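J.: sharing a model prediction with you, sequence too.
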Amino acid sequence: MCKFWKREKCNHHFPELTSISGLNKINLFLNKKVVVSLMGVAVLTSGFFYLTQTNLTATKGYQIKALEKELQQLAEDNRKLNLDYVSLQSMDNVKKEAENLKLIPTTEIESLTLGESAVALR
């Protein structure tokens, strides 16, 4: 700081800074009460945002756990159904079911051929 500052009340090294009237207007606008209230509003807003996001994250976590549990249950059901499908498709099972229905094995296979079309013509 220049040793002549107090006596001259100006900054002769940087003349553009000698205008104090603009700085006084800024100081009036930014007094302590305004700054403290703005900081308080900022803290409250960020706190509210934090709590909201934490709550949403926790809710999504519970939903994910429920869906994972449902996925495990569906995978187990799918495994059981696949085992049932394979066992029902086995040749032994098909033969037993044919005997239960009193079906007899065929000896001759005949195929039918149609002579004319079954669609009406104009």
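T.: Great, that's in hand.

J.: any idea how this protein splits into domains?
T.: Following automatic domain parsing, one finds the domains of the chain at 1-30, 33-100.

J.: could you identify which of the ones you listed has the lowest mean pLDDT?
T.: Of all the domains of the chain, the minimum mean pLDDT falls on domain 1-30 (a mean of 57).

J.: and the gap between Glu99 and Tyr85?
T.: Here the criterion is Cβ to Cβ, to the nearest Å. By it, Glu99 lies 21 Å from Tyr85. Where you see a C-beta, it was placed from the backbone N, CA and C, and this is true even at glycine.

J.: same check, this time on Glu110
T.: 33 Å.

J.: ok, these two, which is more surrounded?
T.: Tyr85 (9 against 5; other Cβ atoms under 10 Å).

J.: name the SS class of the more buried one, please.
T.: helix (DSSP: H, G, I helix; E, B strand; the rest coil).

J.: cool, and Glu76?
T.: Glu76 ends up helix, using three-state DSSP.

J.: and Leu114, how many neighbours does it have?
T.: By other Cβ under 10 Å, neighbour count at Leu114 equals 6.

J.: which helix or strand contains Val34?
T.: Element membership for Val34, per DSSP states H and E: helix 32-89.

J.: let me know the angle separating the following helix or strand past that helix from helix 32-89.
T.: Downstream of helix 32-89, the first helix or strand assigned by DSSP H and E is helix 91-100. Following axes from the mean of the first three to the mean of the last three Cα atoms, to 10 degrees, one obtains 60 degrees for the angle between helix 91-100 and helix 32-89.

J.: got a list of contacts for helix 91-100?
T.: Ser87 (Cβ atoms under 8 Å, 6 or more residues apart in numbering).

J.: switch the cut-off to 10 Å
T.: Here helix 91-100 makes contact (Cβ atoms under 10 Å, 6 or more residues apart in numbering) with 86-88, 90, 103-105.
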